[in-house]
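here's a sequence, model it:
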Amino acid sequence: MEEFRISFNKISKSYEVGEYVAGQVDIGTIEQLTIEGLTIRFIGGATINSGKKQNMEMPEHDQTFDGNEMYFDETFTLSEACTIEANKKYSFSFQYKLPNKAMPRVCSSNEGRVFYAAEATLKRPSIFQSNLKEIQDFSILTNVNLNSFGDAEDPGTTAESWSNSIFCLKNKRVSIACNTPYKGVCAGKMIPFQITARNQSGKAVKDIRVELVQKWVFWCSGNTKRKNYIVKRLPRTFKVPPHCSLEWKDSLRVPADMFQPTQGTHLCRVINVDYVLRFTPVQDWSCCSPPVLEIPIYVGDVPLTRHTYSETHAAVNNNAKNGAGESDLWRKSNMSIARKSNVAHATKKTRK
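Below you'll find the model as predicted:
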């Protein structure tokens, strides 16, 4: 077999629901070839990869984590039994209309994926000859409208506090509050945020890491599996010295080439992908583990109508100092207050 491939008329191989998927199957051989038939199958669905769910107490009851959800599966015959002459090329055209219903976007991870594909099968007449198969993936465009999420325009807030002393004293606590002006953002745009930290203890908070995280959830046969992936991490650090109150304002850009799974639309019943803006305090040692703060974020294609966040940081982006187009808004607006609190603390100690 010299050539056996599927080609689509659309170079992008991206289609909308209800659109026709058209193309051809090309076959070319060096020697004469007799075939029993040529078929093409269009299939779309979601699948979860097989894996063992560990049961340490009763290993014999381990369950296979596997599930499938189909959106369409149709097969068409392109050619009946025939003979393909040597050194000649044959083309068999096809056209398939996608179902006119909403379907999730293509996404993939080690645990599962949503896929759409065309599979051509060249059937051989003898049982001793294996059939030939060729598969080509394509994608379906499903726009995510940020206005469809009820709280996408609302500010995102989260706050936590923990003790930083061995006796968990109330006056030796660290408190952190984080907020964003809205929760909905398009790919390639900025997510502005503010961090307000108050450290009443004598130990410094080394850093507060800021990350955009993808949270995958897989469901199958009553079992749930979760997996998190860091999409982007802010390169700057936010250190909180002892007995200080600090505030930063900054922003993180969502990668422009990042795919946006159809989150929150419930189009896929076995896989869901959400986003959070995660703030993680880092300390060398504390009697209580610092909490992880998260703000839900929606990533979509259609921007919010009541916000002009696409222009909000335009002037700042022109002065970006971090090659990736990040803004350099961060500032220590409460530094004078922090210094005063340090001085007051030192004076109090001297008097004692």
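
doesn't Ile195 make contact with Ser251?
No: between Ser251 and Ile195 there is no contact under Cβ atoms under 8 Å: 11.7 Å. No exception for glycine: its C-beta is placed from N, CA and C like everyone else's.

for Tyr116, grab phi and psi.
phi -140, psi 130 (degrees, to the nearest 10).

identify the bridge partners of Ile271.
Beta-bridge partners of Ile271, counted by DSSP bridges, are Phe218.

what's the distance between Thr157 and Asp274?
18 Å (Cβ to Cβ, to the nearest Å).

compare these two (neighbour count), which wins?
Asp274 (16 against 12; other Cβ atoms under 10 Å).

neighbours of the closest residue to the more buried one other than its chain neighbours, how many?
The spatial neighbour of Asp274 that comes closest, neighbours along the chain excluded (Cβ to Cβ, 6 or more residues apart in numbering), is Lys215 at 4.8 Å. Other residues near Lys215 come to 17 when the count uses other Cβ under 10 Å.

tell me which helix or strand Lys215 sits in.
strand 207-220 (DSSP states H and E).

quick one, helices of the protein?
Ranges of helices within the chain are 309-312, 314-318, 335-351, based on DSSP state H.

how is this structure divided into domains?
Here the domain parsing of the chain from automatic domain parsing is 3-141, 146-351.

mean pLDDT lowest for which of these?
In terms of average pLDDT, domain 146-351 trails the rest of the domains of the chain, at a mean of 76.

for Ile35, see how far away Glu80 is.
9 Å.

ignore what I typed, I meant Ser289.
As judged by Cβ to Cβ, Ser289 and Ile35 stand 65 Å apart.

neighbour count winner among these two?
Remark: of Ser289 and Ile35, Ile35 carries more neighbours, 20 against 9, as counted by other Cβ under 10 Å.

nearest residue to the residue most central in space within the chain in space, please, no chain neighbours.
With distances taken as Cα atoms, centre = their mean, Gln214 lies nearest the centre of the chain, 4.3 Å away. Excluding the flanking residues, the one nearest Gln214 by Cβ to Cβ, 6+ apart is Tyr229, at 4.5 Å.

with Ala102 instead?
Here the residue nearest Ala102, using Cβ to Cβ, 6+ apart, is Leu267, at 5.6 Å.

OK, contacts around the one you found?
Listed by Cβ atoms under 8 Å, 6 or more residues apart in numbering, the contact set of Leu267 reads Ala102, Met103, Pro104, Thr142.

change it to 7 Å
Ala102, Met103, Pro104 (Cβ atoms under 7 Å, 6 or more residues apart in numbering).

try Phe72
So, once contact is read as Cβ under 7 Å, 6+ apart, Phe72 ends up touching Phe42, Gly44, Pro99.

and Asn228, by the same measure?
Each residue near Asn228 by Cβ under 7 Å, 6+ apart is listed here: Val213, Gln214, Lys215.

neighbours around the first one, how many?
So that's Val213. Number of residues near Val213 (other Cβ under 10 Å) recorded here: 18.

so how far is Ile140 from the residue nearest to Ala102?
10 Å.

ok, Ile84 next?
Distance from Ile84 to Ile140, by Cβ to Cβ: 33 Å.

which one of these two has more residues nearby?
Ile140 (22 against 19).

who is Val276 paired with across the strands?
Val213, Pro296.

thought the residue nearest to the centre of the chain was touching Val231?
Yes: the pair Gln214 / Val231 is scored as a contact, 5.5 Å apart, by Cβ atoms under 7 Å.

what's the neighbour count on the residue nearest to Thr75 when sequence neighbours are not counted?
Among residues not flanking Thr75 along the chain, Arg41 sits closest, at 4.4 Å (Cβ to Cβ, 6+ apart). Residues near Arg41, counting by other Cβ under 10 Å, number 16.

gap between Arg41 and Val174?
For Arg41, the distance to Val174 - Cβ to Cβ - is 59 Å.

also Tyr298?
Taking Cβ to Cβ, one finds Tyr298 at 30 Å from Val174.

picking that back up, same drill for Ser251 and Ile195, tell me which one is more crowded.
Ser251 (23 against 20).

who's the more buried one bridged to?
Residues in beta-bridge contact with Ser251 (DSSP bridges): Pro192.

in TSV: the contacts of Asn228, plus distance to Trp162.
Formatted as TSV, those follow (distance: Cβ to Cβ, whole Å):
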residue	distance to Trp162
Val213	21
Gln214	26
Lys215	23
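
nearest to Lys89, out of the residues you listed: which one, please.
Set against Lys89, the nearest of the contacts of Asn228 by Cβ to Cβ is Gln214 (44.1 Å).
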